[in-house]
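> using only what follows, build the 3D model:
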Amino acid sequence: MNLFPSASTWFFVTAFGSVGVMAPLAVVVAAWLAVGYRWKYACAWLGLLGVASGLVALSKIAFIGWGIGVRDLDFTGISGHALMSTAVLPVALFVAALSMRASLRVTAIVLGLVIGVMVGVSRVVLNAHSISEVVAGGLLGAVVAVAFACIAWRAQAAKTLSPGPVAASLAAVVIALHGVPVPTQQWITQIALELSGHERPYIRARWKVQNYRIPARRTEALAVPFAVA
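Now for the predicted structure:
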C-alpha cells in the first residue's frame, strides 16, 4: 500500500494557497474585523498582508527581470502560496475564534499554520518551488499571522459576533473559489519584463548554470541574437 499522497491530492492541497482563494478570504476577514470590531484592525491586517505580498512580488520580479537570486539555496523568489496560506489561514481561524477563550484562539492559529505548512510542502512536492523559497514564504506568512494576532488579541467586539456565521462565511469563500485559476505569475512576468527591458524572463534551470548570458534588452533584440537565461 502506498501511504504517500498522490499527485492529485497535492494539487488539491496546493490550490488552497492560490491568490484566487486567499486574497478574497483575506478581504472577508477584514470585513468581519471592520463590522464586528474596529476599522483599525481591518487596516492593520490588510497592511501587514500587503507589505508581505509586496516583498513576494519584488523578489519574483528581481529574479524574472534581472536574475537576482541565490544559487546555492536554489532561491529565485519567495513562495506566494506559502506566504498566503500561512498568513491568511491562521488569521481567518483566529478571527472566527476571537470571541472565544484564549486557548481556542491559540489552537485556531496553530491549526491554520499547520494547514499553511501543508500547502508549502505541496509546492515542493510538485516542483513549483524549492525548499528555501517555501521556507521563506512560510516564515514570512507566520510572522504576519502572529503579528496580527498580537495586535488584535484583546480586541473588543463592537457588536456580538457568533463564531458560527464567521466561520461559515470563511469556509464558503474557500469552497467556492478553490481551484479557480488566477494568472498572477503571468502578470508578474509581464511587469518584470517591462521594467527590465528584457525580451524573455530568467528561467531557473538555465539560471543555475554559471556560464549563462543575460537576455538581450528589447532595444538590442534585433541586432543581437537572444541568449537564453
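
> please, where are all the helices along this structure?
7-14, 19-36, 39-66, 80-96, 102-125, 131-152, 163-177, 184-196, 204-207 (DSSP state H).

> closest to Asp72 out of the ones you listed?
Evaluated over the helices of the chain, closeness to Asp72 peaks at helix 131-152, with 9.2 Å, by Cβ to Cβ. For glycine as for every other residue, the C-beta is placed from the backbone atoms N, C-alpha and C.

> same for the closest one, what does it pack against?
helix 39-66, helix 80-96, helix 102-125 (3 or more Cβ pairs under 8 Å, 6 or more residues apart in numbering; DSSP states H and E).

> check the average confidence over the longest one, would you?
Which is helix 39-66. In this model, helix 39-66 has an average pLDDT of 97.

> before we move on, the earlier item: can you tell which of the helices of the chain is closest to Asp74?
helix 131-152 (6.0 Å).

> follow-up on the earlier one: and among the helices and strands packed on helix 131-152, the most buried is which?
Ranked by average neighbour count under the criterion mean count of other Cβ atoms under 10 Å, those are headed by helix 80-96 at a mean of 29.

> tell me the angle it makes with helix 19-36.
Inter-element angle recorded for helix 80-96 and helix 19-36: 20 degrees (by axes from the mean of the first three to the mean of the last three Cα atoms, to 10 degrees).

> and helix 80-96, what does it pack onto?
helix 19-36, helix 39-66, helix 102-125, helix 131-152, helix 163-177.

> give the buried residues for the helix-or-strand element of the chain with minimal mean pLDDT.
One helix or strand of the chain scores below all others by mean pLDDT, DSSP states H and E: helix 204-207, with a mean of 85. Buried residues in helix 204-207, counted by 16 or more other Cβ atoms under 10 Å: 204, 207.

> check stretch 169-177 too.
Buried residues in stretch 169-177, counting neighbours by 16+ other Cβ under 10 Å, are found at 169-170, 173-174, 177.

> from the chain's centre, how far out does it sit?
17 Å (Cα atoms, centre = their mean, to the nearest Å).

> for the record, mean pLDDT for that stretch?
Averaging pLDDT along stretch 169-177 gives 96.

> stretch 91-105 too?
95.

> between the two ends of it, how far is it?
End-to-end distance for stretch 91-105: 10 Å, by Cα to Cα, to the nearest Å.

> among the helices and strands packed on helix 80-96, which comes closest to Gly197?
Nearest of the helices and strands packed on helix 80-96 to Gly197, taken as Cβ to Cβ: helix 39-66 at 8.5 Å.

> the closest one - contacts with which helices or strands?
Helices and strands touching helix 39-66, by 3+ Cβ pairs under 8 Å, 6+ apart, are helix 19-36, helix 80-96, helix 131-152, helix 184-196.

> please compute how far that helix lies from its chain's middle.
Averaging C-alpha positions (Cα atoms, centre = their mean) puts helix 39-66 9 Å from its chain's average.

> got it, and stretch 200-212?
Its chain's C-alpha centre and that of stretch 200-212 lie 24 Å apart, by Cα atoms, centre = their mean.

> then it to PDB, C-alphas only?
What follows is stretch 200-212 as a C-alpha-only set of coordinates in PDB (Å, rounded to 0.1, in the frame of the first residue of the first chain):
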ATOM      1  CA  ARG A 200      12.500  36.900 -22.100                       C
ATOM      2  CA  PRO A 201      12.400  36.100 -18.400                       C
ATOM      3  CA  TYR A 202      15.200  34.400 -16.500                       C
ATOM      4  CA  ILE A 203      14.400  30.600 -16.100                       C
ATOM      5  CA  ARG A 204      15.500  28.700 -13.000                       C
ATOM      6  CA  ALA A 205      17.200  25.700 -14.800                       C
ATOM      7  CA  ARG A 206      19.400  27.900 -17.000                       C
ATOM      8  CA  TRP A 207      20.000  30.500 -14.400                       C
ATOM      9  CA  LYS A 208      21.600  27.800 -12.200                       C
ATOM     10  CA  VAL A 209      24.300  27.300 -14.900                       C
ATOM     11  CA  GLN A 210      27.200  29.500 -14.100                       C
ATOM     12  CA  ASN A 211      28.300  30.500 -17.700                       C
ATOM     13  CA  TYR A 212      24.900  31.800 -18.900                       C
END
